[in-house]
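**Student:** show me how the following folds:
(one chain, ligands or ions: 1)
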Amino acid sequence: MSTATADIYRPGLEGIIACETAISSVEGRQGAGGLEYRGYPIEELAESATYLETAHLLLHGHLPTQAELDAFEDRIRAARAVPEPLIELLRNVPRHVHPMDTLRTSVSVLAHYDPDLAASPTDHAANVRKAERLIGQMATAIAYRERIERGLPLLAPRDDLDHAANFLYMVNGEVPSETKRKAFDVSLVLYAEHELNASTFAARVTVSTLSDLHSGIVSAIGTLKGPLHGGANEEAWKVLEQVGDPDKAHAWITAALGRKERIMGFGHRVYKTGDPRARILKRYCQQIAHEAGEDRWERIAEPIEREVTAQKHLPPNVDWPSARLYHYLGLQIHIYTPIFAMARVAGWAAHVIEQLDHNRLMRPRARYIGQPSRDVEPIEARG
Ligand code: CMC
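**Tutor:** As a prediction, this is how the structure comes out:
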């Protein structure tokens, strides 16, 4: 062999350190477990910072001062107006296309119209500008597509509303209550970043070839779509619907596990004793359900959690409560994963920028398990 081959082989790269990052950690304080963005515990950010403050932290490395936040919010607001050709495209995409596919295409189209299109992929300042634009643009693209899908007129973004409230308004046509705005905003904070998950890894691999930021985000969206990753929040809602009654949870879960099926919204590659994001979001679900006087789904979710934990020792992950939350907010199932993407774009972009600032091509090795070396036979001798 002319090249050294590491002997370490871990299916799914489990436990492998593939890069260094200063963006987030799943180790928690003193390695006690827990999620931190740039050293801040997720619990404190969810309580005290908005999604845009969090996005500023991820992209710029620090929580903003009021003046910095005002300027950041102005830039995001300006980016909510998407180019007309994208709106035309959103009108013409066939109705049956999943919104994640439309979102992936939308980001490709947005790349064509980005004012920094010609910038070098390693231009840090241009990459931050691209990332900030995408935060505003992706929310609009998802909301517009949803309105088109529902056969409703498009609603212009409202400058008097924050990121979370504006999105809910642009989809539902109603300004949400403060409880709902806060709950949705917290879900965006919790979804904003998560170390080297599959979609972030895909984004980093893409730009490690010195490809551009939009290409990295397109790779990430395609990766997030799968049900083992972001697609799980849509699947988690289907579990709730199929169980349909708290008294049926035991039998349903026992039967599904008996068929070796995965219960979507449970389990995690890293968090083996519980996903801190799920604990936070569950409280908001309970609060909204309580205020609405409609706790049916909370009552169904509870015994499912107990059964999956008892029978399989798997705690819920963030996608489990987010499915209920988005239902309470009047959102259709098929935009649950796009919402995950519109939040995670801040984390993806931060990783893309970090990768390009300190780039080394990602090119791992594979262990060959195919045929031994052999000679090519002439075609008439094959058979
Ligand atoms: N339901 C039933 N069994 C499960 C589940 C589940 N949700 N998750 C893992 N297992 C079982 C799996 O079948 C296997 O069993 P056995 O050893 O008997 O074959 C064992 O646990 C190990 O599975 P694994 O896939 O090697 O474990 P992992 O730690 O790599 O799994 C996971 C991580 C997220 C892929 C997995 O837990 C899963 O498929 N969960 C359901 C999908 C989901 O909720 N994804 C969202 C993840 S968190 C947020 C996000 O990234 O979107």
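**Student:** what's the spacing between residue 242 and the ligand?
**Tutor:** Distance of residue 242 to the ligand, given as CB to the nearest ligand atom, to the nearest Å: 14 Å. Heads up, the C-betas are built off the backbone N, CA and C, glycines and all.
**Student:** neighbours around the closest residue to the ligand within the stretch 251-383 of the chain, how many?
**Tutor:** Nearest residue of the stretch 251-383 of the chain to the ligand, counting by CB to the nearest ligand atom: residue 267, 2.3 Å away. Applying other CB atoms under 10 Å, we find 19 residues neighbouring residue 267.
**Student:** does it touch residue 317 like I think?
**Tutor:** Yes: using CB atoms under 8 Å, residue 267 and residue 317 qualify as a contacting pair, with a distance of 6.6 Å.
**Student:** hang on, the earlier thing: and the residue of the stretch 251-383 of the chain closest to the ligand, backbone torsions?
**Tutor:** phi 90, psi 160 (degrees, to the nearest 10).
**Student:** same check, this time on the one 3 residues further on
**Tutor:** Dihedral angles phi and psi of residue 270 (degrees, to the nearest 10) take the values phi -100, psi -50.
**Student:** now it, nearest residue through space, not along the chain?
**Tutor:** Distance criterion CB to CB, 6 or more residues apart in numbering; nearest residue to residue 270, sequence neighbours excluded, is residue 26 at 5.1 Å.
**Student:** where's that neighbour relative to the ligand, distance?
**Tutor:** 11 Å.
**Student:** top helix in the chain by residue count?
**Tutor:** The longest helix of the chain (DSSP state H) is helix 124-149.
**Student:** hey, C-alpha coordinates of the following helix or strand past that one in PDB?
**Tutor:** Using DSSP states H and E, the helix or strand that follows helix 124-149 towards the C-terminus is helix 163-172. Presented in PDB, the C-alpha positions along helix 163-172 are these (Å, rounded to 0.1, in the frame of the first residue of the first chain):
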ATOM      1  CA  HIS A 163     -38.400  36.000  13.400                       C
ATOM      2  CA  ALA A 164     -40.700  33.400  15.100                       C
ATOM      3  CA  ALA A 165     -43.900  35.500  15.100                       C
ATOM      4  CA  ASN A 166     -43.400  36.600  11.600                       C
ATOM      5  CA  PHE A 167     -43.000  33.000  10.300                       C
ATOM      6  CA  LEU A 168     -46.200  31.900  12.100                       C
ATOM      7  CA  TYR A 169     -48.000  34.900  10.700                       C
ATOM      8  CA  MET A 170     -46.800  34.300   7.200                       C
ATOM      9  CA  VAL A 171     -48.000  30.700   7.300                       C
ATOM     10  CA  ASN A 172     -51.200  31.000   9.300                       C
END
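**Student:** what packs against helix 163-172?
**Tutor:** On a contact count with 3 or more CB pairs under 8 Å, 6 or more residues apart in numbering; DSSP states H and E, helix 163-172 meets helix 51-60, helix 124-149, helix 178-191.
**Student:** pull the number of nearby residues for the residue nearest to residue 270.
**Tutor:** Around residue 26 there are 19 residues (other CB under 10 Å).
**Student:** so it is in contact with residue 194, correct?
**Tutor:** Yes: Residue 26 is in contact with residue 194 according to CB under 8 Å; the separation is 7.4 Å.
**Student:** now do the contacts for the residue in the stretch 1-150 of the chain positioned nearest to the ligand.
**Tutor:** Ranked by CB to the nearest ligand atom, the top residue of the stretch 1-150 of the chain for proximity to the ligand is residue 12, at 6.0 Å. Going by CB atoms under 8 Å, 6 or more residues apart in numbering, residue 12 touches residue 269.
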